[in-house]
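Trainee: What follows is a predicted protein model with its sequence.
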Amino acid sequence: MRILLVEDEQTIAVTLSDDLEAAGHEVLHVPDGKQAIRELQRKSFDVVISDVRLPGADGLEVLRAAKQARPDTEVVMMTAYATVEHAVEAMRLGADDYIQKPFLNTHVLDRLNRIGKVRALLNENQRLKEQLQTKEGGLPGVIGQSLAMQSIFKTIRTVAVTDASVLIEGESGTGKERVARALHMLSNRRERAFVALSCGALPDTLLETELFGHEKGAFTDAGRQRRGRFEVADGGTIFLDDIDDMPLSVQVKLLRVLQEREFERVGGEDLVQVDIRVVAATKVPLLDHVREGRFREDLFYRLNVVPVQLPGLRDREGDVPLLVRHFIDKLGGGRAFTVKTDVLEAMSAYPWPGNVRELENRCAQAIALSGGAKILKKEHLLPVDKSRRAALEPPQKLETLREIMVEAERAHIEHVLRGVGGHRTKAASVLGISRKVLWEKLKDYGIS
């Protein structure tokens, strides 16, 4: 399972992470609550294991964020300050389990095994549904009936049984990782690992280590040997998202892996051989980066054996009602909700700049704000324009000049990022700031 571990005590975090990874789980550790909330807004996790007392934001805030981002995420709370009040509040907010420190890591693993068994039953039901959908010409885990998506389905089903590299191009939120996972599930590698990594989510200095692993003593904090994503994916599929953000220094090493299927860990000399299929994704036309000298031409052609162009949601005629029904069923927690026909028509006419991800977020928001009502409201499913919002809402408090300037800066950064297709280096150039400064502002403003 994909696990987010939120723990500020380094000793607990390291030992628990090691045991979880040894048991076959994929673990992302963050030391504070605010960073955890940012990760939950950017990625999906099967399980969140969080301390209650954290710097930045407490564990209950992390719990709320986890359930808001994805209601079916399992959340396990842990604390050295276990009280009835903490337990009751955590369970009231939707925590699935509660562990008191100190604990044995085996106890955590036992609880994860129980969670895994329940999720396995749910996944089996989902798999049977997807199997039926696949027989009808679709892809497992991908919803769509538009002509644009039918063309994608045909291409993926054709190339899935080969080992050809695939390059998926599409705007943020179009479902590139879902298509990559479907490709893996239809391939001969389906019984082995599918490993995903966003090349834009890590600083350049960490990306190489994350991909290729490192030897003990390779750098100051390298206290033990660590396998990289390529080794974990051996025999299966590795999905490299945001490949357009990969620095040139790492591109050289990736090219060698594609050519020779071998590499050295950081700080090592021994060759590590792997049998993998590489699927990459880009949010901007990668050939433009090649022409500008920001992406190696030889690597581009190695990745672009089979190009797949994912359409934006605005170009998928007829898919919005289908997706709305899917997300409501998925996020409704067993409750039955209805969306009126005129609201579905308005949603179909909306351009959805955030694509399918934005639509899913809107459905989750509408369910969260439903207040027990069975009919989801239009103002929760669609953005309210500023003039209507002013008429509907009570007068807002007067804001300071600094607050206005901060909001204007945040809005302008988002505007520039959309204008350059989400590419941070180009956005930093347009804004006239360094990439490091832009990275810090993105974190401060919670912009993904």
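Mentor: Received, thanks.
Trainee: Please give the number of neighbouring residues around K101.
Mentor: 13 (other Cβ atoms under 10 Å). C-beta here means a position set from N, CA and C on the backbone, and glycine is covered the same way.
Trainee: gap between the residue nearest to it when sequence neighbours are not counted and P31?
Mentor: Excluding the flanking residues, the one nearest K101 by Cβ to Cβ, 6 or more residues apart in numbering is A80, at 4.0 Å. Here A80 is placed at a distance of 16 Å from P31 (Cβ to Cβ, to the nearest Å).
Trainee: Please say which of these two ends up with more neighbours.
Mentor: Between A80 and P31, counting by other Cβ under 10 Å, P31 is the more crowded of the two (17 against 13).
Trainee: Let me know the pLDDT of that one.
Mentor: Looking at P31, its pLDDT reads 90.
Trainee: isn't it right next to I12, touching?
Mentor: No - using Cβ atoms under 8 Å, P31 makes no contact with I12, being 10.8 Å away.
Trainee: What does V278 show for phi and psi?
Mentor: Backbone geometry at V278, expressed as degrees, to the nearest 10, gives phi -110, psi 120.
Trainee: Show me which parts of stretch 257-265 are buried, residue by residue.
Mentor: 257, 263, 265 (16 or more other Cβ atoms under 10 Å).
Trainee: The first one should be in a strand, yeah?
Mentor: Going back to what we said before, that points to V257. No - counting by DSSP: H, G, I helix; E, B strand; the rest coil, V257 is not found in a strand; it is helix.
Trainee: related to what we said a few turns ago, of all the buried residues of stretch 257-265, which comes closest to H184?
Mentor: H184 lies nearest to V257 out of the buried residues of stretch 257-265, by Cβ to Cβ, at 17.9 Å.
Trainee: how about the closest one, what does it touch?
Mentor: 230, 263, 274, 276, 278 (Cβ atoms under 8 Å, 6 or more residues apart in numbering).
Trainee: Can you say which two of those residues are spatially most distant?
Mentor: Taking Cβ to Cβ, the two most distant members of the contacts of V257 are F263 and V278; they sit 12.7 Å apart.
Trainee: if I look at D46, how far off is G33?
Mentor: 20 Å.
Trainee: next one: F212
Mentor: Taking Cβ to Cβ as the measure, F212 and G33 are separated by 31 Å.
Trainee: How about H107?
Mentor: Taking Cβ to Cβ, one finds H107 at 23 Å from G33.
Trainee: Strands along the chain, start to end?
Mentor: Assigned by DSSP state E, the chain shows strands spanning 2-6, 26-30, 47-51, 74-79, 97-100, 166-169, 194-198, 237-241, 262-264, 271-273, 277-282, 306-309.
Trainee: got the contact list for the nearest residue to E409 once chain neighbours are set aside?
Mentor: Counting by Cβ to Cβ, 6+ apart, E409 lies nearest to K441, which is 7.6 Å off, once chain neighbours are set aside. Going by Cβ under 8 Å, 6+ apart, K441 touches 409, 413, 433, 447.
Trainee: can you put the buried residues of stretch 257-265 in a markdown table and add distance to C363 and pLDDT?
Mentor: Shown next, in a markdown table, are those (distance: Cβ to Cβ, whole Å; pLDDT from 0 to 100):
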| residue | distance to C363 | pLDDT |
| --- | --- | --- |
| V257 | 39 | 92 |
| F263 | 42 | 89 |
| R265 | 43 | 87 |
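Trainee: Make a markdown table out of the residues you listed and add distance to Q225.
Mentor: What follows is the buried residues of stretch 257-265, written out as a markdown table (distance: Cβ to Cβ, whole Å):
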| residue | distance to Q225 |
| --- | --- |
| V257 | 19 |
| F263 | 15 |
| R265 | 7 |
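Trainee: from the residues you listed, which single one is nearest N355?
Mentor: Closest approach between the buried residues of stretch 257-265 and N355, by Cβ to Cβ: V257, at 30.4 Å.
Trainee: Can you give me the buried ones in stretch 411-418?
Mentor: 413, 416-417.
Trainee: re the thing from before, of H107 and G33, who's got more company?
Mentor: G33 (25 against 11).
Trainee: Could you count how many residues lie near the residue nearest to that one when sequence neighbours are not counted?
Mentor: With sequence-adjacent residues excluded and distances taken as Cβ to Cβ, 6+ apart, G33 is closest to A57, at 3.0 Å. For A57, the number of neighbouring residues by other Cβ under 10 Å comes to 17.
Trainee: pretty sure A57 is in contact with K34, am I right?
Mentor: Yes - counting by Cβ under 8 Å, A57 touches K34, with 5.0 Å between them.
Trainee: Can you tell me, leaving aside adjacent residues, what's nearest to H380?
Mentor: Closest to H380 by Cβ to Cβ, 6+ apart is A366, at 3.8 Å.
Trainee: And the one you found, what's its pLDDT?
Mentor: So A366 comes in at 91 (pLDDT).
Trainee: how many other residues sit next to it?
Mentor: 25.
Trainee: Same check on E191?
Mentor: For E191, using other Cβ under 10 Å, the count is 8.
Trainee: Return the residues in contact with L417.
Mentor: Neighbouring residues of L417 by Cβ under 8 Å, 6+ apart: 424, 427, 447.
Trainee: The second one: neighbour count?
Mentor: Spelled out, that is A427. With other Cβ under 10 Å as criterion, A427 counts 22.
Trainee: Before I go, just wanted to say thanks for your time.
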